Structure formats: C-alpha cells, structure tokens
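> Sharing a sequence plus its predicted fold:
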Amino acid sequence: MSQQSMELLFKTLKQATNQQNQSEIKQAEANLAVFEKEPNFYTTVLDFYLNEQLDLDVRYMSLLILKQGIDKYWRKTQQNSIKPEEKILLKKKLLESFNEKIDQLAVQYAVIISKIARLDCPDDWEELMPLLLQRINTSNELEQKRSLQILVQVVKQLSTRRLHHDRKIFEQLTLNLYEFICNLWNGFTILYFQNIQTSELLPVCENNLCKSMLALKIMRKLTIHGFQKPAEAAQPLEFLKMIFERLKDLLECRLLIKSSLYITLLETHEKFILKHMKILTEFQEYHRTDFNVFAPQVLEMSFNFVFFEGTRFIFEGNQLTMPNYVISCLNLIKGFLLNNGGNVYSKSSSNETDNNLNEILKNFFTSERLEYITEKLLMHYFLLTPADLELWENDPEVFVCDEGGDSYKYSLRSCTEAFFMALFHKYSNVLCKHLNVYVQKSQSIELTSTSDAQDILIKESIYNAVGLVTFHAYDEIDFDNWFKTQLLSELQLKGENFKILRRRIIWMIGQWSAVKFSKSLRPQLYEACLELLQPVENNDMVVRLTASKTLKSVLEDFDFDAEQFLPFLEPSFTLLFHLLKEAKECDTKMNVLYVMAFIVEKMSLSIKIQAGNLVAFLPELWDEGVEHNMLRIAIISALIQIIKAIQEIPESVSPFIYKVIEISTNVNDPSTVYLLDEGLELWLITIQYAMQPNDSLLQLCNNLLPIIEKSTLNLRTCLFIMQAYIMLCPEIYLQRYGKEIVQQCQYLMKDIRTEGVVTICKLFISMLRMQPNYAIELLHPVMIDIVKNFLDDNDYLTVKQIYLQVIVRYFLANQMALNHILEEIRVENAFQKLLSIYINTMPNVTQDEDKKLLAIGLSCLLTIPNQIILDNFSIIIINIYETLCDIMKQLSEDGEEIDGLILSEHDDLPYDEIDDVEWKAPHYERYKSMCLKDCVHTVVLKEYLQNQLIALKNIVGEEQYVNLIKTIDPTIHKLLYNYVNTMVPIV
C-alpha cells in the first residue's frame, strides 16, 4: 500500500474505535470494506498491530480486522482471496513476535494464528509446530507463556476438523506432542505445589499455575480427540490415572491456600481443579466404553468427597464451597449408572465390558451404601438452602422457573435430582424400601403452627424425592390414601414457612397424577389447585405458579374428564388470568399463557365466555413482548387455540389478529425468525374460520410469496393458506395474485421434492375445481411443463399420479385447451404417449376419488373421434370397470348398488378430502360446497359410461361398435353387463 493509503487506513482504524459516534463507525466499516480488497491490506493491518507505539485500541482493532479477513478471504476459493505471497509474508511476521505484554491482545493474536493453522497445517505451514515447541522450551517466561497460549488455540482448532484425513493428521500430531505436553503439565504442577509449600512470591505461584493450566487445556484436547481407541494406547490411560492422583493433592492444596496468604489464588486454583474434572467427564462422554476401566476410582473418589470423609475438602461446616466439583462427581457416577453404551469415535462396545461394569456397580452400591447415600441426599443436598429461600423471596419468578435441558451440568439441585433418579432407575427395589422409611417418617411428623422450620424443610425434601421417582414407587406407596389422610390437611396449613410445604405438595401431586391417582379424587385436587391459585397473603407467586403447572399436568392426563372439571373451569380461568396480569417476567407470562391456552383446548365447548377476557388482554401483552419473542409465540399459540375453541374470529380483536399475522410473517421483520411457524398457522386458522373476505385479510397476501422465495421450509403451510384463500374468495384472489402464484410454483417445481410437487399440484386442482374457466388460462404456462414431464415418464409414481390428475382436470374443464398444449410441446405422437402412460398409471392409483376422476376422464375420451382411442378401447373399458368395482357399494338386501362417492348436502366429506379441519369451521362448508359441484361427487360413473357408449355407437356406427365390443375380454364383458344395462348391446 502507498504511504497515503496507509495514513488513510490508520485514520479509518482510529475512527472505527470511536464507540461514542455510531455514524463514524458505520463510515469506517464502509471504508474498510473498500480497503480490504487492496493488495497487502492485511500485511499493513498486521504491521499496525506490531507497532507497540500505537494506541491500544488501534492495535486491538487491527487484530480483529485481520481475524475477520482470515475467515473471509484465506481460502483459495473465495472471491478476492488473499494472494499466496501475502499469506507467506503474514505467516512469517506472525511467528516473529511472541512477547505481547497485554493479555487481551495476546489472546486475539493466538486465535489468528490458530485460524490460519486450521486451514494450512501441516502441509502449508510446516514450520509452525517446531517453532512453537522451540519457543515453549525457552527460558524467557513471557515468550514461553505466549507460546503455550498459541499452542492451546492451535490444538483446539485442529481438533475440530472432522474429515477422516484431518482426523488422522490430528492423531499423528497427538502422538508427537502428548508426552512432551504431559511432562510440561506435570512439571509445572509440581513446581506450583512446591511454590505454595515453600511460600514463594505470589507472582511466581501464579505464573506456574497459569502455565500448568495452559498445558492441561492442550492435554484435554489431545486426550479426548487425539485417540480413536484410547484403550489401545497406554499414554491417555496413564494420564487419566495421574489425574485421579493429582485431584486429591489439589484439594489438599486448596485447604492450604484458604488458610494462607495465597487466598487470591483460590479462584484460579478451583478452576484448575475443575479443568481436571472436565477431562474426566468429557472422556466418559466421548469414550464411554474405554472409561469404564476407571469405574472403581471414580466411584470411590466421588463417594468419598461428596458423601463421606472427603467432604471436609469442599465444605465449611454445612456450607458447600465447591458445588461444581460435586456436580462433576455425581455426573460421572450417573454416566456409569445409565451407561448409554459405546464411544463417540469408536462405536465398539462389548457385553463383557458392560458385564464387568455391572459387577463393579453391584459390589459398590450395597444396600447399606445406598441407604447412606439416600440419607445424605434427602437430609442435606435436597434441603432448601438459605440462598434458595432468599431467591424465593427476592425473585420468585426466577426461583420457580423450570431449568430442564442440560441444567444438571451446571445446577447443583438439578444434578442431585438427576443423580437420584438414575440411582433409583438402577436400584429401585432396594431404594423403594429405604424411601418408604422416610415417607413413614414424614407421615409421623404432625405439623402445627409452631413447628420448627427444619421439620418443614425435611418434609419438603422427602416430598421432592417421592415426586421425582413416581414411575418406580407407585406400587410401594398408597398415594391416594396419603392424599386423603394427610396431604390435603397439610395444604390447609397457614403461615409464612408452610408455603414451602404447600408448594412442594401440590408439585408432588402433579407428578403422581400422571402415574397413579384415582379419578374420584380429581375434584378435591382441582379444589386444592384453586385454593393455592388465590392471590392471598399465604399464597405467594411461587406457590401460585406451581399450582398452575400442576393444574396443567392434571389436565394433560389421558383419563381427564372434561365434565368433571366443568364446575372448576370459570374460577380456575379467572385466577390464572389474574396471575397472568400480575406476572412480571416474560417467561412466567409465557408459561401461564400456555396453561390457559391448554385449558381452552381441553374445554373448547365450554370456554367461550372465559376466553373472551383473555382475548381482550392479549393486545396489551403483545406490546409488552416486543423484545421477548418466546412470549409472542405463546400469544400466537393461545390465539390459535381460542379461535378453534370459540369457532369464530372475534370481531373486536380481528384487527389485532391481522396485525399479529402481518408482523410474524413479514420476512423483513427480524422477529419472523422466531414467529413465522406459529404466525403461518394462525393465518391458516384465521382464513378457515373467516365468514367472508375483507381488505385486511387480503392485504396479508403480500407477505406470502416473499416467504416462499426466501425458503421452502414453510412451503406446505403457505400452499394450504393459498388453497384456503381460493376456497374463501376464488375470483378475487386468483385475479389479484393468481399469476404470481403460478409463476412461483412453476419455478419451484423444477427443483423440489416429491411432497412439494404433490402439494403444488393439489393447489392447481383447487383452482380448476373452483374457477375452471379462469384457471384454464392461468395454468396454461405451467401445464406445458406438467405435460412434458408426464410424457418423459421419468418421475416417481406419486408424481405421475398427481400430474395425471391435473391433466385430467384440465381436460375435463376444456378439451380444446389440452389439445392446444399437446400441439405446443411439439412431441411426436404426444397424445398416443399420454394415453399410454395414462392407462398404465391408472391401476396404481389407490384412492377411490382419484380413480373415479381418471375413469371419468377415460369415459369422456370415448366420444372423441380419434383412432388411437379406438385402438385402446378394450383397455380403457377394463380400467373403467375396475374403478366401478371399487366405488360401487351395496345399498340394500335386494342387491341394488350405487356409486359410493356421490354426495348430498346431508353427507359428511370423506376424511381424505379435507384433513385437520374442524367440521364446524366455515372452511369445511366451503370445501363441501366445492365437492358438491365436483364431477367426482356428482357424476354417477356407470350412467356416464353408459351414455358415452351410446354416443360412441351413434358416432362410429353399429358395425364398428360391435367390433369394438368384441375386443373386450369375455369375462370383463359379462361382468360389465351388471353395471351397464341392456341399452348397451351384448354380442
């Protein structure tokens, strides 16, 4: 770059660091986008960073731009990629300086080198690894530390490559580095221990601990990803053995640090311990079978430190000071208990290995030890802590929030509960007996207004355990009797401390209601839920929210009786509505809204009045959820359920519904990423329940095609929406949007899966059924493609069948239009080919409605003066006869048969005609009205065939007609006489 360009670039970098002026930042970004295409741009940016005289912000910005440039332009295939000579210069300069004093810059510098290494190592950057190892062995402390930091990032990047060739390269790198890095980790760790014991200066201790941590990070990646079969390599297993030995030393050292002047090291030291544990948990995840050999060490270590004498290392009095260490230990044991077999990298798992593990677990988890663990869990880990109770008081909505998912990896309570359930799953027979002891103990404790808070906490812990293992304990505990004799009375206890118990009891009942809970007791449970939903002093937000979740759990039960719940419907909905309005957190509002929507779904026939109040509140709630898309999803879901329940679009909120659809389906709105699926479903339901079209509803159609143009993920729903519009207002809709829709569908059909082609063709069929005259002209361009594809005869059978239906519909609407298309495509013997494929495809059609349509099409062909048709007369008649056999049904004892597909106004539509639409929806009536005019449901096939044969006889004459009849197989000829009466001469 010229000197002038460099000065301008520097000014631009300076401008980009000005966080106070957004307009300057945007201008700088635009200028940088121009600069980055110039030769040697990234070399100049690197030079700015290497100049330590420049401002820190400019140097940092230079690194960020270089990092982005590597992502965008380092690959050779990228447009404006970095030239090879500039790459060589960049790599050379990057390896010249490993003495960065500022940690923030050093991290970015290491990431940049690692990104290049991921793309170029080892073939195009052979000197990187030898140089890094050389610098690590230097006596310069800073250079050694920075080299380790770079190696951490390089190994991390290389370990993410997943192609077989790349994995082999990483495995070879692991063999070359493993022993060296392991010795580094071990050496720096020993030095660190010695520093602590000899009271060295704090910076010395910090430096050795930092370098040991860096070496351990490298070892983690090498151990987890560098061996496809670790059991066949001695090094990783030896390293894991060393970790078990090292962990006890580190925990003992932690006690020493806490009682010394090195207290500032405590946080880093604890992170170092957890890094060791992370290696064990990840190794178990990726190499489960190979890790089973360490089951005895894991079980002894975890039991000792979490439940037994080793607790002194992680507890101060009764206060746990290293919860993450406990989480890691329990997750390791849980991994053995569940033993979801095999390895990530090597799927081999033998019965012998599993049997050995089961034997180890059996010997370890004796009845006495299980009893001891159960006691520790229930009497310590499950108890609510002062921190829990403080969170309950200060932020109840956060306290009651369900963590779920992978929360067992970072939440102590979730982890201990998951461990307890895994333990119960493995040893339910033994643990049920031990748990029963605690249940009996809790039943023996009679609570009064003066009861000790500790008794309440113990009961709460026991109830929690009982609720967690309902699927294993339902035969051991008489829950119905417990509910009647004790739990109901405990729910009536008032007082500040008793809310803890009331919340846990109603949660536990919710867990049991889905497993074993008498239907006759449901009314009492509903009353209990309503009592706890009351906004009174003794029912705070935590209790009320838990009661709402329990109510939903009870309603979800397979044995739910809507009539039994009817007396409680209005009060429960009212109380939930008050709870919804009082909630502050969007997650809480979302959860309560889901409960209400679920009640609407379950009680759809009785909810109309209550739903009106909720509908009126939703616009306000929508405005509150501007920054909370998950809340808006819940609102849309609630609207869908309400419309289905009340079976109409409330006039008062229809503008709001249109607004919601507009926002959620506008591809230019960022929230569409979250709201689109639910928004499209609401849109479809709205059209289906609309009584008549209006401008607002039609205006929404402007959003439809951009959705399809952007992605075909929602194509099916979009096509259903189009079909619903065609049912609602065919003339207006097709005249406004028909041409664009057909053009887009024609484009999509060139490269789309079978399911998409079928759905698009069904849309075309709807056009032909609702507006045949206009659809003939509208579909003309796409019909050329359909006929060509059909004549090619290369598509799947499903596609051929739907193409044939479209062609037949088009033919029945206008015979001459199909003839023009056959002329336009200029395929030799086009009609002969079409008829041949038609006849050969028809026997494979399974739906009676489709077969009858094709039979009507063949019958219609009989009166067209064409020798090709006459040559195929017999096979045409056979296909029509086979259809008659399928659709004719016996009506009475005298054997009279009628066409089973003929519909009257009093008949219901066959399920295949219209899926997933309530019969009370106006859309159903519109669809039925269309079917009542459709030839499939109005034309009696046997009569139509008879009339066509008479017409054929008149056209070709008696003699030729008799000759045609003689071509029919005698057996078919005789059977056909049962359907076509004596008006047809039988020869």
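Good, I have the coordinates. Numbers count the residues shown, from 1 in each chain.

> just the CA coordinates of stretch 567-574, formatted as PDB?
Only the C-alpha atoms of stretch 567-574 are listed here, as PDB (Å, rounded to 0.1, in the frame of the first residue of the first chain):
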ATOM      1  CA  PRO A 567     -67.500 -26.700  37.800                       C
ATOM      2  CA  PHE A 568     -64.000 -25.500  38.300                       C
ATOM      3  CA  LEU A 569     -63.500 -24.000  34.800                       C
ATOM      4  CA  GLU A 570     -64.600 -20.500  35.400                       C
ATOM      5  CA  PRO A 571     -62.800 -19.900  38.700                       C
ATOM      6  CA  SER A 572     -59.600 -21.500  37.500                       C
ATOM      7  CA  PHE A 573     -59.500 -19.500  34.300                       C
ATOM      8  CA  THR A 574     -60.200 -16.300  36.300                       C
END
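
> All the strands of this structure, residue numbers only.
315-316, 319-320, 888-890, 897-899 (DSSP state E).

> Now do the second one: which elements does it pack against?
Read it as strand 319-320. Using 3 or more CB pairs under 8 Å, 6 or more residues apart in numbering; DSSP states H and E, no helix or strand is in contact with strand 319-320. C-beta here means a position set from N, CA and C on the backbone, and glycine is covered the same way.

> Need the residues that contact that strand.
314, 326, 412 (CB atoms under 8 Å, 6 or more residues apart in numbering).

> and which of those residues is nearest Asn464?
Nearest to Asn464 among the contacts of strand 319-320 is Leu412, at 13.8 Å by CB to CB.

> hmm, back to that, any chance of the contacts of strand 319-320 in a markdown table with distance to Leu941 as columns?
Formatted as a markdown table, the contacts of strand 319-320 follow (distance: CB to CB, whole Å):
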| residue | distance to Leu941 |
| --- | --- |
| Ile314 | 82 |
| Val326 | 76 |
| Leu412 | 72 |
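
> Among those residues, name the buried ones.
Buried residues within the contacts of strand 319-320, counting neighbours by 16 or more other CB atoms under 10 Å: 314, 326, 412.

> my guess is the second one contacts Val306, does it?
Meaning Val326. Yes: contact criterion CB atoms under 8 Å: Val326 and Val306 qualify, at 5.3 Å.

> Quick check: which ranges of this structure have low pLDDT?
Along the chain, the model assigns pLDDT under 70 to residues 1, 340-350, 403-404, 605, 609-610, 890, 892-895, 910-919, 981-987.

> Where is the longest helix in it?
Longest helix of the chain, by residue count under DSSP state H: helix 164-197.

> what helices or strands is that helix leaning on?
helix 128-136, helix 141-159, helix 202-225, helix 234-258.

> Which positions in it come out as buried?
Of the residues in helix 164-197, 167, 169-170, 173-174, 177-178, 181-182, 184-186, 188-189, 191-193, 195-196 count as buried by neighbour count, 16+ other CB under 10 Å.

> what angle sits between that helix and helix 234-258?
30 degrees (axes from the mean of the first three to the mean of the last three CA atoms, to 10 degrees).

> Can you give the distance of helix 164-197 from its chain's centre?
Taking CA atoms, centre = their mean, to the nearest Å, one finds helix 164-197 lying 38 Å from the centre of the chain it belongs to.

> and what of stretch 159-175?
Computed by CA atoms, centre = their mean, the chain-centroid distance of stretch 159-175 equals 30 Å.

> So what touches stretch 123-138?
91, 95, 98, 113, 116-117, 121-122, 143-144, 146-148, 150-151, 154, 173, 176-177, 180, 184.

> re the thing from before, might you specify the subset of the contacts of strand 319-320 located within helices?
Per DSSP H, the subset of the contacts of strand 319-320 in helices is 326, 412.

> of all the contacts of strand 319-320, which comes closest to Ile646?
Distance to Ile646 across the contacts of strand 319-320 (CB to CB) is lowest for Leu412, with 45.9 Å.

> What distance do you get for that closest one to Thr385?
Leu412 sits 9 Å away from Thr385, taking CB to CB, to the nearest Å as the criterion.

> With Lys608 instead?
Distance of Lys608 to Thr385, given as CB to CB: 47 Å.

> before we move on, back to that, wait, which of the contacts of strand 319-320 is closest to Val34?
Nearest to Val34 among the contacts of strand 319-320 is Leu412, at 53.2 Å by CB to CB.

> give me every residue that touches that closest one.
Residues near Leu412 by CB under 8 Å, 6+ apart: 320, 323, 326-327, 381.

> Which of those residues ranks first by neighbour count?
Highest neighbour count within those: Ile327, with 24 neighbours (other CB atoms under 10 Å).

> Wait, that residue touches Cys415, no?
Yes: between Ile327 and Cys415 a contact is recorded at 4.5 Å, counting by CB under 8 Å.

> Now the common contact residues for the two.
408-409.

> residues touching Asp249, list them.
By CB under 8 Å, 6+ apart, the contact set of Asp249 is Phe193.

> Arg161: neighbouring residues, count only.
Neighbours of Arg161 using other CB under 10 Å come to 15.

> doesn't Phe170 make contact with it?
Yes: taking CB under 8 Å as the definition, Arg161 is a contact partner of Phe170 at 6.6 Å.

> Could you pull out the helices in the stretch 601-750 of the chain for me?
Assigned by DSSP state H, counting those that start in this stretch, the helices in the stretch 601-750 of the chain fall at 608-624, 629-646, 654-665, 672-689, 695-699, 704-710, 715-728, 730-748.
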